[in-house]
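Student: turn this into a model:
(chains A and B)
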Amino acid sequence: MMPRRIALYLWVAVIALYALFPFYYAVVTSFKSGSALFQIDYLPHKLDWQNYLAVFREQPFGRNILNSVLVASAVVGLSLLLGLTAAYALARIQFRGRGLLLITILGVSMFPQVAVLSGLFELIRAFGLYNNLLGLIYSYMIFTLPFTVWVLTTFMRELSREMEEAAIMDGASAWTIVTMVFLPLMGPAMVSTGLLAFIASWNEFLFALTFTLTNEQRTVPVAIALISGASQHELPWGRIMAASVIVTVPVVGLVVLFQRRIVAGLTAGAIKG
Amino acid sequence: MAGDHARQRRQTAWWFLSPLLLVLLLVAGWPLVRTIWFSFTDASLMAMGEAHWVGFENYLSRFDGGWFGVLADPLWWQAVRNTLVFVVVSVTLETVLGLAIALVLQWRFPANPLLRAAVLVPWAIPTIVSAKMWGWLLHDQFGLVNDLLLRLGLVSVPLAWTADPALAMSAVIMADVWKTTPFMALLLLAALQMLPSDYMEAARLDGVNAMRRFWHITLPLIRPALVVAVTFRALDAMRIFDLIYVLTPNNPETASMSIYARQQLVDFQDVGVGSAASTLLFFTIALFTIGFLALAQRRDGGQWR
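Tutor: Numbering: from 1, shown residues only, chains lettered A, B, ... in the order given. Predicted structure coming up:
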């Protein structure tokens, strides 16, 4: 039995190393500057904070972070609000066309973003939202709404009928039922979907790249992708890694804290559907 | 009375759905229709309002004895080939590795929650960040991967991972496999945990070895979940954009269909051709999706509830 145990722990170590090493190496690199960057070190030597200061000095990175936080929070709020009411209708009420509607919503989640790019670009310019965070919030609905609705519907289906029926007997309106009966029970599901929507918006690149123009309106992924040095062949890797670490730490924190909720959301979306 | 009540509830349902439907129409339905329409025009990015109908010219046309349009562009077909290679290789690797990781995660040991959190890290990291991280790891002069390979004596000169046409696609696949395997592993783990344990117990008592148990019991039982996970991943991989755009920019050897479409649309300002390429990508994915849904429905033997 012993060798089997050792082999399994060896696998555990290999998996953990594979999953964490690239990020660990980014952290090590972010604390190196000058010629130290071109020396390959597997272990950190000293903490040199220069890159972290340079990230904020050389570009409006603080503003970029604020943009990302604003966009992702607004997207989460809107998706949950629209998703919860829609999920109530889809999960608790029998009506014709419900199956077709669910399939359509699932279909939208398969849309390649590039397929709506020119149409969205035209619409965003027509609304005057080009190079504006509102344009990003609006366009992000295309990928957060379908899975929010889908996952919340899956969760809401599993809740018992009794409370809802009691509320109907008492003459409660549908809005009251959603907010007073279901909302408290949906807490964990809302956290799951909210986290997924937040991470998806925080990481989005194509729309943010296409629908913004100036440094001040960019979100962090675009800001990082566009960090450049004196010439194309001299990328400031230390600064890029510092910026990468800054935007990754909050997401990794969320993942570690809410691991169970995230996995519940991911699997509810794919397996039970 | 009961009928009244049911009708009232149906009405409520549509009221509750209307904001969602309106937003989906504005963000998905209408833009898609416009993209398809633009693909039949000569619109340019700076003058989208002055589009003229040109029929199928952006797709395929003949001028002065030569063929033009997306379908006559060797770069488009290269992008189709790149996308296919990327989807097949990366999804296969992700499935195999994901299953292996899921089997380890299924084992209950003290540090299990920690390992699970560690595995989620690559999934949560922004794609752009992972592209930059891998760009640095695979750097031709100062990259750690080359250093490691040289030390182990596996190569004699450093490799230009992201620049060498023969290697660029493998760099993209490496980075994608690292980032997406966790998602696969967690989906498959969820499937593994829903299996009834009595089959395995019985087989174990009968002295069936672990390898045979896996092939003859576990794998057939999780097959439905496996098919769903692979299909979702493949459909998602077909639209790949960010990773390639950042890791191997302006490289025709790795450019995907999405990259080609955006390049025409934004860099060359040719909304007509860009929209034609987007439309082709959309219908390719739609065809696969509908095919899969039809198969799934037949398997379930009926109704979508």
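Student: which residues touch residue B:279?
Tutor: A:115, B:35, B:36, B:39 (C-beta atoms under 8 Å, 6 or more residues apart in numbering or on different chains). Any C-beta I mention is one placed from the backbone N, CA and C, and that applies to glycine too.
Student: nearest spatial neighbour of the residue in the stretch 1-150 of chain A positioned nearest to chain B, skipping sequence neighbours?
Tutor: In the stretch 1-150 of chain A, the residue that lies nearest chain B is residue A:119 (2.9 Å; C-beta to the nearest C-beta). Nearest residue to residue A:119, sequence neighbours excluded (C-beta to C-beta, 6 or more residues apart in numbering or on different chains): residue B:31, at 2.9 Å.
Student: my guess is the one you found meets residue A:123, correct?
Tutor: Yes - with contact defined as C-beta atoms under 8 Å, residue B:31 counts as touching residue A:123 (6.1 Å).
Student: between these two, who's got more neighbours?
Tutor: residue B:31 (24 against 19; other C-beta atoms under 10 Å in any protein chain shown).
Student: what is whatever helix or strand the more buried one lives in packed up against?
Tutor: Element membership of residue B:31, judged by DSSP states H and E, is helix B:30-38. Other helices and strands packing on helix B:30-38, by 3 or more C-beta pairs under 8 Å, 6 or more residues apart in numbering or on different chains; DSSP states H and E, are helix A:117-126, helix B:271-300.
Student: ok, the residue positioned nearest the centre of chain A - contacts?
Tutor: For chain A, residue A:199 is the residue whose C-alpha lies nearest the centre (C-alpha atoms, centre = their mean; 1.5 Å). Residue A:199 sits next to A:251, A:254, B:124 when contact means C-beta under 8 Å, 6+ apart.
Student: got a markdown table for those, with secondary structure too?
Tutor: Shown next, in a markdown table, are the contacts of residue A:199 (DSSP: H, G, I helix; E, B strand; the rest coil):
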| residue | secondary structure |
| --- | --- |
| A:251 | helix |
| A:254 | helix |
| B:124 | helix |
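Student: return the members of these classed as buried.
Tutor: A:251, A:254, B:124 (16 or more other C-beta atoms under 10 Å in any protein chain shown).
Student: show the pLDDT at the first one.
Tutor: In this case it means residue A:251. Here the pLDDT value assigned to residue A:251 is 88.
Student: so it touches residue A:196, yeah?
Tutor: No - between residue A:251 and residue A:196 there is no contact under C-beta under 8 Å: 11.7 Å.
Student: my guess is residue B:113 contacts residue A:259. True?
Tutor: Yes - here residue B:113 reaches residue A:259: they are 7.0 Å apart, a contact under C-beta under 8 Å.
Student: between these two, tell me which one has more neighbours.
Tutor: residue A:259 (17 against 11).
Student: quick one on the thing from earlier: and the residue nearest to the centre of chain A, what helix or strand is that in?
Tutor: Using DSSP H and E, the element containing residue A:199 is helix A:187-203.
Student: buried residues in that helix?
Tutor: Quick answer for helix A:187-203 (16+ other C-beta under 10 Å): A:189-203.
Student: after that helix comes which helix or strand?
Tutor: Next along the chain from helix A:187-203, counting by DSSP H and E, comes helix A:206-211.
Student: next secondary structure after that following helix?
Tutor: Under the assignment DSSP H and E, the closest C-terminal helix or strand after helix A:206-211 is helix A:220-225.
Student: that next one: how far from the chain's middle?
Tutor: Mean-position distance between helix A:220-225 and its chain equals 15 Å (C-alpha atoms, centre = their mean, to the nearest Å).
Student: now do it: everything it contacts.
Tutor: The list of residues contacting helix A:220-225 from outside it, by C-beta under 8 Å, 6+ apart, reads A:59, A:61, A:64-65, A:67-68, A:202-205, A:208-209, A:212, A:215, A:240, A:243-244, A:247, B:126-129, B:131-132, B:242, B:245-246.
Student: and these, which are buried?
Tutor: A:59, A:61, A:64-65, A:67-68, A:202-205, A:208-209, A:212, A:240, A:243-244, A:247, B:126-129, B:131-132, B:242, B:245-246.
Student: among the residues you listed, which ones are in helices?
Tutor: A:61, A:64-65, A:67-68, A:202-203, A:208-209, A:240, A:243-244, A:247, B:127-129, B:131-132, B:242, B:245-246 (DSSP state H).
Student: strands of chain B, start to end?
Tutor: Using DSSP state E, the strands found in chain B span residues B:61-63, B:66-68.
Student: any chance of the ones you listed in JSON lines, plus distance to residue B:136?
Tutor: Converted to JSON lines, the strands of chain B look like this (distance: least, C-beta to C-beta, whole Å):
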{"stretch": "strand B:61-63", "distance to residue B:136": "44"}
{"stretch": "strand B:66-68", "distance to residue B:136": "41"}
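Student: okay, those in TSV with mean neighbour count, distance to chain A and mean pLDDT next?
Tutor: Output for the strands of chain B, formatted as TSV (neighbours: other C-beta atoms under 10 Å in any protein chain shown; distance: least, C-beta to the nearest C-beta, whole Å; pLDDT from 0 to 100):
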stretch	mean neighbour count	distance to chain A	mean pLDDT
strand B:61-63	12	20	85
strand B:66-68	12	20	86
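Student: and the residue of the stretch 1-150 of chain B found nearest chain A, how far from residue A:149?
Tutor: Closest approach between the stretch 1-150 of chain B and chain A, counting by C-beta to the nearest C-beta: residue B:31, at 2.9 Å. For residue B:31, the distance to residue A:149 (C-beta to C-beta, to the nearest Å) stands at 19 Å.
Student: what about the helices in the chain?
Tutor: With no chain named, the answer covers chain A. A:2-30, A:50-58, A:61-92, A:98-108, A:117-126, A:133-157, A:162-169, A:174-176, A:183-185, A:187-203, A:206-211, A:220-225, A:237-257, A:259-267.
Student: try again with chain B
Tutor: B:2-24, B:30-38, B:74-106, B:112-124, B:127-137, B:144-151, B:168-193, B:197-205, B:210-213, B:219-237, B:242-247, B:257-262, B:271-300.
Student: for residue 125, what are its contacts?
Tutor: You didn't pick a chain, so chain A it is. residue B:48.
Student: that's the wrong chain, I wanted chain B
Tutor: Residue B:125 touches A:23, A:248, A:251, A:252, B:133, B:179, counting by C-beta under 8 Å, 6+ apart.
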